[in-house]
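Colleague: Kindly generate the corresponding structure for this input.
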Amino acid sequence: MGATGATGTGSAGATGPTGGSGTSANLLLSAITGPTGATLTTMISGPPILVTVMPLSGSLTTVTASALSGGSPAIGGVPTTFTGVMQALPTAVTFSSISATFVNGTSFAAPSSTVTLTAQLYKVPKGTITASGVVGFSCFLSPNLGSGTVAVSTVTSCVASGLTGVFAAGDAGFVVVYATVTAGIGVALTINGSVSVGIGQ
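Modeller: So this is what the prediction gives:
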């Protein structure tokens, strides 16, 4: 038998078609309380006295009810208690949406007042315990409460998108849900119920 001949070399084949786009990994965080785990209060002049402080993610029977420093969150107020609630993010992320739902757990009367609930995202920069509301990153729950007796299981909710909340790796965040008297007669109210919030990219 003769010797094996040399291996031939041909030109490379054509490049195959480009694969389809992959699915992006969107981050969605959500937190929920028990049936009457959230406590919100208003004062006669309108601003909130106590707000509900929610983590970015988790299920809680009772959440932190905190006083505010600096007035309403709408004008830059910050909860005095949040360090045990804030959650640090392991990677940089830009959030763009927020949602919230409140289910009333105890009936209350507000015959001549309109009460608006608001959910606001807060950021705590890495290495600090200095919190501030992310400007514009909030939603107003609808319908408003009041103008009569608010029954148990009354539901109000909101969704807001197209927002911008930039967090660096190591920054922490939390959500505040608060109540304000926005029309009618100012009244001191205590509102208890279940709150769920969601934050998404």
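
Colleague: so where's the protein uncertain?
Modeller: 1-25, 27, 46 (pLDDT under 70).

Colleague: got the residue ranges for the helices in it?
Modeller: Using DSSP state H, the chain contains no helices.

Colleague: need the contact list for residue 90.
Modeller: 169-170 (CB atoms under 8 Å, 6 or more residues apart in numbering). Every C-beta, even on glycine, is put in place using the N, C-alpha and C of the backbone.

Colleague: From residue 133, how far out is it?
Modeller: Counting by CB to CB, to the nearest Å, the separation of residue 90 from residue 133 is 23 Å.

Colleague: what bridges to the closest residue in space to residue 119 that isn't next to it in sequence?
Modeller: Nearest residue to residue 119, sequence neighbours excluded (CB to CB, 6 or more residues apart in numbering): residue 100, at 3.7 Å. Assessed by DSSP bridges, residue 100 has beta-bridge partners residue 158, residue 197.

Colleague: Residue 100 touches residue 195, doesn't it?
Modeller: Yes. At 6.8 Å, residue 100 and residue 195 qualify as touching, with contact defined as CB atoms under 8 Å.

Colleague: Any chance you could list residues touching both of these two?
Modeller: Here residue 100 and residue 195 have residue 177 as joint contacts, going by CB under 8 Å, 6+ apart.

Colleague: and the closest residue to residue 26 other than its chain neighbours, how many neighbours?
Modeller: Excluding its sequence neighbours, the residue lying closest to residue 26 (CB to CB, 6+ apart) is residue 201, at 4.6 Å. Neighbour count for residue 201, taken as other CB atoms under 10 Å: 14.

Colleague: One more: residue 55?
Modeller: Count around residue 55 with other CB under 10 Å applied: 22.

Colleague: Roughly how far does it sit from residue 42?
Modeller: When distance is defined by CB to CB, residue 55 is 24 Å away from residue 42.

Colleague: Same check on residue 183?
Modeller: 12 Å.

Colleague: Between the two, which has more neighbouring residues?
Modeller: More neighbours surround residue 42 than the other of residue 183 and residue 42, with 25 against 13 (other CB under 10 Å).

Colleague: Residue 101 reaches residue 142, doesn't it?
Modeller: No. Using CB under 8 Å as the test, residue 101 is too far from residue 142 to be in contact (10.9 Å).

Colleague: Show the backbone phi and psi for residue 60.
Modeller: Dihedral pair for residue 60: phi -130, psi 140, per degrees, to the nearest 10.

Colleague: Residue 33 is in contact with that one, correct?
Modeller: Yes. If you go by CB under 8 Å, residue 60 and residue 33 touch, sitting 5.4 Å apart.

Colleague: shared neighbours of these two, anything?
Modeller: Shared contacts of residue 60 and residue 33 (CB under 8 Å, 6+ apart): residue 54.
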